[in-house]
Every structure is written in structure tokens, then in C-alpha cells.
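Engineer: For reference, the sequence and a predicted model appear below.
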Amino acid sequence: MERLSAVLGQAVQFVYTCWDRIVLNGYLERLQRPEYLVHFFHDVVGIPCIEPSVLEQRTNAYKAWVRQFTDERGIPVLQAPPKGVRKEDFVQPYYRRLRSGQSVACVLTSLEQGRTFVSYTPRWKVASGDANYRQIKACRKRFLHYYWYVLDPVMGPMSIRVATYFPFNVTCYLNGHSFAAQELTRDGVRFRKSDNAFLAVADVAALQAAADRVSAALLERRCSSWVRRLVPVFSPTERAALAPGYRYSMAQMELATDVIIKRSAPLKALFQRACELGVLVGGAERTSHMFGRRISRHYQGDLQTLLIHREAGHPVMRWYYQSSFAKQYTRGDQHSDRILRTETCCNDTYHFGVRRRLENLPRLHDKLQATNDRCLELQAELLASPVDTGRLAELAKPTLVGLRRIPGLKLHDDRVIRLLETLLNPGGFVGEWTTHELHARILARHRLGDADYRLSQLRYDLSKLRAKGLVQRLGTSRRYRLTPLGLKLGVLLVKLRNRLLGPLATIATTPYASRTFPSRNSVDVAFHQVDVALDHFSAALGLKPAA
């Protein structure tokens, strides 16, 4: 974060880190296996034969209690919205209608997959001749779930999904930003919040302190308080036998680091440039570094960098590791985007080397915070302007390698620009290569003969790129690849040559005609966005008429 602050300078207003979406699975530990279920009904409840009607009776009793509870309090019971409509947006009007003393806004019903048990008579004859013997098996079925949307005095708006089939597993949905807002309100700290992001706050230290007060004990205490009220399906004797009751595990956890910028214009321009370069700089090596995990031959899952939602004008960079991912995007209020949000979403804590039990929350926080910091360091590297740091000017100066003087790189050097353009071609991006492979690619791409561009000339041009740190050799092998600096400056040199030097040479004789390219993949789109940005820059310099 320090490096990004150095790049953005005084443009940063404040920074904070907070839990965003928190999803916890609640389960009765002593009812998760078939043998536990048999012990519960035989020894605790006193039912010798566990028939399907016994399990169905529990479901019907809970449904009847829900109808009575909602009718007495006038709580709306609605069907869940169709796919594509967020439940949080759908229930907002019901939160606004809550009267003083009420805490349940509404209840949504939804048919979803859930874990339950089935009971059936085995096909084979039981040797003991026990007529009450039934086969109990755990399975997943599609059945009714209730979503309780409540206003908690500590956590703010939250929801609890309750399964209507035995053993009545629950899922709790909470938000760390809502908790921080509740804490700031109690402390009397003024703030301005849009959705689940803080745009302004009177005391940044108080905001970070409030966000850090989210603990495993607090989450378990608030979830257990509502589960005891909304799942009253067990008698006191049964609750004593099921002690300690519901246990909670982490299902989906999102940790967000927000960088609030004073003005939206610099953030939009800088993040767009970082997205264009980030597609090229992504890959397995960099993604595994960000997540702090080693990649072996046993690895299974996604490992990729994607640029999504670019057509909507709000691009999102995503780095996937197995089923978890880190993402970066801009957001704000309805007027402007002033927040650069870096968010790591953990769908399986084992991806970060952490167990799922809720007491491991502090360790998971450290892992996700480290991932956010690495993403911000990547953005700082991409956002560091080569013009401001003098790297672009250094490319044109000669370099001494021992006693050998190697000329600098020039925009009018056709051979070097052609070499860089081939290396950066989105249709055939070269990861590692030998000089013979690269020579054949250049000849085929530009339809040249061996006499037009000799292998010795290619090696001389490569020596220029190596002297500037744009190309590196892999150990002691004969293979080469572009460096991260070569990726950034290579794109800049090629586009400057095509979009600036070319129009300067032909502006007097050839009218400018804009070109459009079909979007074939994310890299092509990123290259086209660089073209558009340079078009605006050329128009500002008067090199071509504005569009």
C-alpha cells in the first residue's frame, strides 16, 4: 500500500480495510451423521422406528410455527425474486417499512438444494429380524428454505437461511461494512456511506478500529442469538442432548481494501491504463505469487487473469486461484467513482491453508490482507508512469555493456519496433522462445525473406532490448522471454510509433481515418483501448482532428 500511495501522492484521501460479505454455515455437530441421527431418535426422543413420516413431522411442525409467527407479527412472507434480481435489493423496501420495536423485515421462500437425511427399508432381510430397522442415509435434495431478513442491533441488516428439512442447517449472511456503520453511529462519528462503501468519514482511525472489531466471538454470538429465535424445533431436553448446539464454519469471506481518491478523473484514467497492461502482465506465475501459494503438478482449478465488464464502462480485473479469486475495480456514488477497491473472495478457506471453523477467522484475515496488499503492489507497478520515472527517456540513450557501446531504441527504428510488435502480438503471444523460433515468426508475420532480415540482424536487435532490460535470458539456456518492464514499455513504444509518429509523417498528405477492430479476446480489447487513449492524446496535441 505504501508504494501505491507514493505513486498516487496527494490524490489519496484515506484508506481502510474491512470485511465485506460474510457467509457462515451453521450446523448441529451431533446431527451430521446417520449414526448420530439414530442415537438422537432412539435414545433421546424415544422413537424406535425412524420412518420418513417421523422426519416429515418435524418439517411440518416448523412450517406451522413459521406461519403462526409471521401472521401474529404481520411479517410478509414472499417468494424469492427471479434469477438476476438481487435479494438484497428486493427486500430494501421492507427494511424501510420496519416500525419501532420490529426486527424482522420479511421472509422469502425458495426451493434450493440442501443437505438432509432419507429413511427407507433395506432390500435385504435383516438377520436380527428387527422390524423397526431402517436404513438412514445422508443426501442432498431440493426442498423449501426460509430466508429471514432481520435488522440486528449490532450487525445491522443481515439474513439467515433456514432449511425446513432435518437437521435444520442454517446459513448466515452478514456484512462488515454494515457493522462498521453501526459502530460509528454509536461512537458519534460522522460518515457518508454509499451501499457497502464509505465515501467520507470524520475520523479514519475510528473507522478502521470499528472494522477491526469484527471477531469470531462476535459473529458467533449474533448468529446464535437469531438462530435460537428462528429455529425453535427442539425441546429443552433435546437441546441439552445436542449441546453445545449450532457450530459455525466459514463458507464465503470477502475482505475489501478501499483507497478513496479526492477526484474521480485521475482514478478512472489510471485504473483503465492498469487494466490494459494488467491483462498482459497476468499469468500463472504472478497469480500464484499474489495468493501466496505454490503451484505443483497436483494443482486443480482455475489459475487465470481476466478483464470483465469492460463494455459497460466499469472494467473489473480478476485473478482466479482454484474457486477463490481477487478482484479490483472502481466504485463510488451515483455522481462519480472515487474508490479503488481491492477485494479477495475466499470460497474455500483451504485454498489459503486455513481450516473452516469460525475460530480461524484472524488467520484467514491475515491471509486475505496479504493478498490485497500484493494486488495493490501490482497496481503500483503498473501505474508507475515510465515518463515520470525517466525510463522512457533512458531508452533513447546508448548503453555501455562492459566496453561495448549499444545504441538506444528509437521510434523510427523499423526493425526494433517490428520485433516488439511481433512479441506483443495478441494473436500469437510468445512466452518463451529461441532466436530461430522468433526469426521464423517475424519472417512469416511480415512476409519477409531471409535476405530482408537476417538472423544476425535479429540477434543485434535483441542485444539492444537486453541492454535496456526489456528481454531476459532464462538461466544458461538458449531461451528468452520479455520482462515485466518489457511488456509495459513495449506496448507503449509500439503504440507511440503507430499512433503518433505515423500520423506526423503522413498528416500533410493523407487524411486520418479511424479504424475499428472486432473484439476477439480480452488482450485485443486491451490493445484497442490503448489505441483509443492515444487517439485522444493525439487530438489534444493537434496531430489529428478530434473525433
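Structural biologist: Nice, thanks for sending it over.
Engineer: export the one helix or strand residue 329 maps to as CSV, just CAs?
Structural biologist: For residue 329, the host element (DSSP states H and E) is strand 324-332. Output in CSV follows, covering the C-alpha atoms of strand 324-332 (Å, rounded to 0.1, in the frame of the first residue of the first chain):
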residue,chain,number,x,y,z
SER,A,324,-11.4,-18.3,-4.9
PHE,A,325,-10.4,-15.0,-6.6
ALA,A,326,-9.1,-11.5,-6.1
LYS,A,327,-10.7,-8.6,-7.9
GLN,A,328,-10.1,-4.9,-8.4
TYR,A,329,-12.5,-2.3,-9.6
THR,A,330,-13.6,1.3,-9.1
ARG,A,331,-16.8,2.3,-7.4
GLY,A,332,-18.5,5.3,-5.7
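Engineer: Pairing partners for it, with directions?
Structural biologist: strand 316-321 (antiparallel), strand 337-346 (antiparallel) (DSSP bridges).
Engineer: What mean pLDDT does that strand get?
Structural biologist: Strand 324-332 carries an average pLDDT of 84.
Engineer: again, but for stretch 243-251
Structural biologist: 92.
Engineer: If you count neighbours, what's buried in that stretch?
Structural biologist: Across stretch 243-251, burial judged by 16 or more other C-beta atoms under 10 Å covers 246, 247, 248, 249, 250, 251. (Each C-beta comes from the backbone N, C-alpha and C, glycine too.)
Engineer: Next: stretch 221-235.
Structural biologist: Per 16+ other C-beta under 10 Å, stretch 221-235 contains these buried residues: 222, 223, 224, 226, 227, 230, 231, 233, 234.
Engineer: Could you measure from the second one over to residue 160?
Structural biologist: The one in question is residue 223. Here the distance between residue 223 and residue 160 works out to 7 Å (C-beta to C-beta, to the nearest Å).
Engineer: Mind listing the shared neighbours of the two?
Structural biologist: 170, 172 (C-beta atoms under 8 Å, 6 or more residues apart in numbering).
Engineer: Which one of the buried residues of stretch 221-235 is nearest to residue 358?
Structural biologist: Distance to residue 358, by C-beta to C-beta, is smallest for residue 223 among the buried residues of stretch 221-235, at 9.0 Å.
Engineer: Give me the residues contacting the one helix or strand the closest one maps to.
Structural biologist: Using DSSP H and E, residue 223 sits within helix 216-230. The contact list for helix 216-230 (C-beta under 8 Å, 6+ apart) reads 22, 24, 26, 148, 150, 152, 154-155, 158, 160, 162, 170, 172, 174, 245-246, 248, 358-362.
Engineer: Report the buried members of those.
Structural biologist: Applying 16+ other C-beta under 10 Å to the contacts of helix 216-230 flags 22, 24, 26, 148, 150, 152, 155, 158, 160, 162, 170, 172, 174, 246, 248, 358, 360-361 as buried.
Engineer: buried set for stretch 61-73?
Structural biologist: The neighbour-count check on stretch 61-73 (16+ other C-beta under 10 Å) flags 62, 66, 69, 70 as buried.
Engineer: check contacts around the second one.
Structural biologist: The reference is to residue 66. 77, 107, 146.
Engineer: The one helix or strand it maps to to helix 216-230, inter-axis angle?
Structural biologist: For residue 66, the host element (DSSP H and E) is helix 52-73. Counting by axes from the mean of the first three to the mean of the last three C-alpha atoms, to 10 degrees, helix 52-73 lies at 90 degrees to helix 216-230.
Engineer: same for the strand or helix carrying residue 209, what does it pack against?
Structural biologist: Assigned by DSSP H and E, residue 209 belongs to helix 204-212. For helix 204-212, the elements it packs on are strand 12-28, helix 176-187, judged by 3 or more C-beta pairs under 8 Å, 6 or more residues apart in numbering; DSSP states H and E.
Engineer: what mean pLDDT would you report for that helix?
Structural biologist: When pLDDT is averaged over helix 204-212, the result is 95.
Engineer: Residue 210 reaches residue 191, doesn't it?
Structural biologist: No. Applying C-beta atoms under 8 Å as the test, residue 210 and residue 191 come out as separate, 9.7 Å apart.
Engineer: Identify the residues contacting the spatially closest residue to residue 19 that is not a sequence neighbour.
Structural biologist: Spatial nearest neighbour of residue 19, excluding adjacent residues (C-beta to C-beta, 6 or more residues apart in numbering): residue 176 at 2.9 Å. Applying C-beta under 8 Å, 6+ apart, one finds that residue 176 lies in contact with 18, 19, 20, 22, 211, 214.
Engineer: Tell me how many other residues crowd residue 367.
Structural biologist: Neighbours of residue 367 under the rule other C-beta atoms under 10 Å: 22.
Engineer: mind checking how far residue 410 is from residue 461?
Structural biologist: 12 Å.
Engineer: Compare the two (neighbour count), which wins?
Structural biologist: Taking neighbours as other C-beta under 10 Å, residue 410 and residue 461 compare with residue 461 leading, 21 against 15.
Engineer: can I assume residue 478 sits in a strand?
Structural biologist: No. Per DSSP: H, G, I helix; E, B strand; the rest coil, residue 478 lies outside any strand segment and is coil.
Engineer: So what does it have for phi and psi?
Structural biologist: phi -100, psi 20 (degrees, to the nearest 10).
Engineer: Got a quick ChimeraX command for the buried subset of the contacts of residue 66?
Structural biologist: Burial among the contacts of residue 66 is assessed by 16+ other C-beta under 10 Å; the matching ChimeraX selection reads:
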select :107,146
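Engineer: Can I get the contacts of residue 66 in CSV including pLDDT, distance to residue 48 and secondary structure?
Structural biologist: Converted to CSV, the contacts of residue 66 look like this (pLDDT from 0 to 100; distance: C-beta to C-beta, whole Å; DSSP: H, G, I helix; E, B strand; the rest coil):
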residue, pLDDT, distance to residue 48, secondary structure
77, 95, 36, strand
107, 96, 36, strand
146, 97, 31, strand
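Engineer: Just the closest of the contacts of residue 66 to residue 180, please.
Structural biologist: Distances from residue 180 to the contacts of residue 66, taken by C-beta to C-beta, are shortest for residue 107, at 26.9 Å.
Engineer: Would you mind measuring from residue 359 to residue 433?
Structural biologist: From residue 359 to residue 433 the distance is 50 Å (C-beta to C-beta).
Engineer: That should have said residue 37, apologies.
Structural biologist: 62 Å.
Engineer: These two: which is more packed in?
Structural biologist: More crowded of residue 37 and residue 433, by other C-beta under 10 Å: residue 37, with 21 against 17.
Engineer: is it true that residue 36 touches residue 30?
Structural biologist: Yes. Using C-beta under 8 Å, residue 36 is in contact with residue 30, at 5.3 Å.
Engineer: so who does the closest residue to residue 448 other than its chain neighbours touch?
Structural biologist: Residue nearest to residue 448 in three dimensions, not counting chain neighbours: residue 442, with 7.0 Å by C-beta to C-beta, 6+ apart. Contact partners of residue 442, counting by C-beta under 8 Å, 6+ apart, are 418, 419, 422, 448, 453, 458.
Engineer: follow-up on the earlier one: return the member of the buried residues of stretch 221-235 nearest to residue 197.
Structural biologist: residue 222 (22.1 Å).
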